[in-house]
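Asker: quick one, structure for this:
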Amino acid sequence: MELDRWDRRTFLGRSAAVGAGAAGAVMVGGEALAHGRGHGEGRPVNRYSFSVMGTTDLHGNVFNWDYFTDREYDDAAHNDIGLAKISTLVDQVRREKGRRNTLLIDAGDTIQGTQLSYYYAKVDPITARRGPVHPMAKAMNAIGYDAAALGNHEFNYGIPVLRKFEEQCDFPLLGANALDAKSLRPVFPPYVMKRLRTPCGRDVRVAVLGLTNPGIAIWDKAHVAGKMVFPGLEEQAAKWVPRLRSMGADVVVVSAHSGSSGTSSYGDQLPYVENAAGLVAEQVPGIDAILVGHAHVEIAEHCVVNKATGKRVVLSEPAKWGQRLTVFDFDLVWERGRWAVERAGSQVLNSNAVPEDPKVVALLRREHRKVVAYVNQVIGTSVVAMSTAEAPWRDEPIIDLINRVQTETVVAALAGGAYAGLPVLSQASCFSRTAGIPAGEVTIRDAAGLYPFENTLEARLLTGAQLKEYLEYSARYYVRTAAGGPVDTAKLTNADGIPDYNYDAVSGVTYDIDISRPVGSRIVGLSFGGRPVDPAARFVFAVNSYRASGGGAFPHVAGAEQVWADSDEIRNTIIGWVREKGSVDPAEFASVGWRLTREGAPVFP
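Answerer: Model prediction:
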């Protein structure tokens, strides 16, 4: 997409003053025109207040519904989720502040994460001829979003699905650091400029700059390699913020699909920081506030001092899935011929305090029912119930199931070829501690719940030495625990914040993880076929596309030779396997391949 093409669209089609022509144009925050006069002299006060609302990491959640359990969503903290709840909060803020004094933006990861979003990407795709409108586009259009930044998961289904979603949205999808691989020009609008009309007649220009995550180059390499590049947030913000100011922006808000911690999950594979929102605030002058995304945490208000100007930049992150709504409040003053931000602050509103908006519920009731019917299709039976509840610290049959499906799939794919004689190993992670397969009938939602991500399956070549280093890296996940004392499973895992999805259990070999030892020397007794693994031995490694692309920065696998790759999601491979088998019996595939130990003694006998 050429730069001037989206530029004309943004400024001619989407920069009209908010509330133009609306009744009550002299209202500010719900108060009458008298609020706009000062000192009792009848002159307009040169002050103005407005709010920017923000969501992030909606991940396909329209309703307060869990499609994997087929009931209303609930968690230990009793959070609610979904755009229908957000819509109610947005309406409340608009009534309080006056709609013309508000904007609504999002920080990305919109179209992936639930079976609702999957259904309209794959089962009844929006890209089909005369295909449906994506439910997230429908809901966000109805609520009245002004802009959304691109998240990394926007790319999971490929560029055509993303472009179709963009076409269906009444607001721009922003990505200042999503560039054409050849021309290095933006392939999405970098920003949108919105005008807010004030009682004193001087419009306020609010620029929203969108930044996405550099990790897309790794995580969705299959979709973007050779087409797009994703430079760092800091360098692109430094390029665009001065430009926005020179164009007359009075207030600059950044919507960044990037956490604020300054850390990266992909190590040194990319020279760009994954969670860079705090660095952007600190290093780039001219930003007033940053809506933070990607990290799935709640930050009501966090202030960062810009090194060049000494001014405070307000950051806020509204958790995930529509659990919270960020509200940035800005107080402006007219001085020296321009608007200046006198004060900026933020808060988050909790969606569990309000009901779902009946307008959004009615708008998408039919789509919701179709997906509920789809996920409840029976695909087989299971002899016993299986759960992931203890999978982070035990070799559980339900993880063995994933590994068995992956191993059989790769073995079949390589049969008769040059690599058919090599042993196949497989990796799998516990993506959710609440997933499970029931005894009796197994549905699509049961099988899909084991694999909520859109990963595909690959086969790579690893040596025995590389496998050992891979497992040592994975074992960082456990908190070092001295022998002899009690073990608290609530404090045993997720060392240094490592998420569950970045701990891999590997099948096809046996090994102990000695958690009393330091990181890097925990793998004990690594064996294949009853014998110690030869460092020079070669293995075929069945691995998901996220890991194979470098996700989690595991050693060796990203650079290993690829001998096979599938285009279908692992989730669908599992569903197909269960359909073909008809019955799932752990006795046929479950075994204890790994265990936690301390000085040779099992942690969990």
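Asker: ramachandran coordinates for the residue nearest to residue 441 when sequence neighbours are not counted?
Answerer: Distances taken as C-beta to C-beta, 6 or more residues apart in numbering place residue 378 nearest to residue 441, at 4.9 Å, with adjacent residues excluded. To be clear about C-beta, it is placed using only N, CA and C from the backbone, and glycine gets the same treatment. Dihedral pair for residue 378: phi -80, psi 130, per degrees, to the nearest 10.
Asker: so where's the longest helix in this protein?
Answerer: helix 397-414 (DSSP state H).
Asker: could you point out which element follows that helix?
Answerer: Reading on from helix 397-414 to the C-terminus, the next helix or strand found by DSSP states H and E is strand 424-428.
Asker: and that next one, how far from the chain's centre?
Answerer: The chain centre lies 25 Å from the centre of strand 424-428; the measure is C-alpha atoms, centre = their mean, to the nearest Å.
Asker: pull the residues that contact the helix or strand just after that strand.
Answerer: Toward the C-terminus, strand 424-428 is succeeded by strand 436-437 as the next helix or strand (DSSP H and E). Residues outside strand 436-437 that contact it (C-beta atoms under 8 Å, 6 or more residues apart in numbering): 382, 385-389, 398, 401, 446-447, 449-450, 584.
Asker: residue 576: helix or strand, and which one exactly?
Answerer: Going by DSSP H and E, residue 576 is in helix 570-581.
Asker: name every strand pairing with the helix or strand just after that helix and say which way it goes.
Answerer: Per DSSP H and E, the first helix or strand lying C-terminal to helix 570-581 is strand 583-584. Paired neighbours of strand 583-584 in the sheet (DSSP bridges): strand 378-382 (parallel).
Asker: give me every residue that touches residue 377.
Answerer: If you count contacts by C-beta under 8 Å, 6+ apart, then residue 377 has 443-444 around it.
Asker: can I have the buried ones of the contacts of strand 436-437 as a ChimeraX selection?
Answerer: The following ChimeraX line selects those of the contacts of strand 436-437 that are buried, judged by 16 or more other C-beta atoms under 10 Å:
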select :382,386,388,398,401,446,447,449,450,584
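Asker: pick the one among the contacts of strand 436-437 closest to residue 440.
Answerer: residue 382 (6.8 Å; C-beta to C-beta).
Asker: my read: the residue nearest to residue 441 touches residue 440, true?
Answerer: No: using C-beta atoms under 8 Å, residue 378 is not in contact with residue 440, being 9.6 Å away.
Asker: re earlier: JSON lines for the contacts of strand 436-437, including pLDDT?
Answerer: Listed next are the contacts of strand 436-437 as JSON lines, based on pLDDT from 0 to 100:
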{"residue": "382", "pLDDT": "97"}
{"residue": "385", "pLDDT": "97"}
{"residue": "386", "pLDDT": "97"}
{"residue": "387", "pLDDT": "97"}
{"residue": "388", "pLDDT": "97"}
{"residue": "389", "pLDDT": "97"}
{"residue": "398", "pLDDT": "97"}
{"residue": "401", "pLDDT": "97"}
{"residue": "446", "pLDDT": "95"}
{"residue": "447", "pLDDT": "93"}
{"residue": "449", "pLDDT": "92"}
{"residue": "450", "pLDDT": "93"}
{"residue": "584", "pLDDT": "96"}
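Asker: including distance to residue 230, could the contacts of strand 436-437 go into a markdown table?
Answerer: Output for those, formatted as a markdown table (distance: C-beta to C-beta, whole Å):
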| residue | distance to residue 230 |
| --- | --- |
| 382 | 42 |
| 385 | 43 |
| 386 | 39 |
| 387 | 38 |
| 388 | 32 |
| 389 | 37 |
| 398 | 35 |
| 401 | 35 |
| 446 | 36 |
| 447 | 33 |
| 449 | 31 |
| 450 | 30 |
| 584 | 40 |
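Asker: the helix holding residue 576: how far from the chain's middle?
Answerer: The answer for helix 570-581 is 25 Å, by C-alpha atoms, centre = their mean.
Asker: and that helix, what's buried?
Answerer: Going by 16+ other C-beta under 10 Å, helix 570-581 has these buried residues: 570-575, 577-578.
Asker: rewinding a little: residues shared between the contacts of residue 378 and residue 440?
Answerer: By C-beta under 8 Å, 6+ apart, no residue touches both residue 378 and residue 440.
Asker: which stretches in the stretch 201-350 of the chain count as strands?
Answerer: With strands called from DSSP state E, counting those that start in this stretch, the stretch 201-350 of the chain shows them at 204-211, 228-229, 251-256, 289-292, 298-305, 312-318, 324-335, 338-350.
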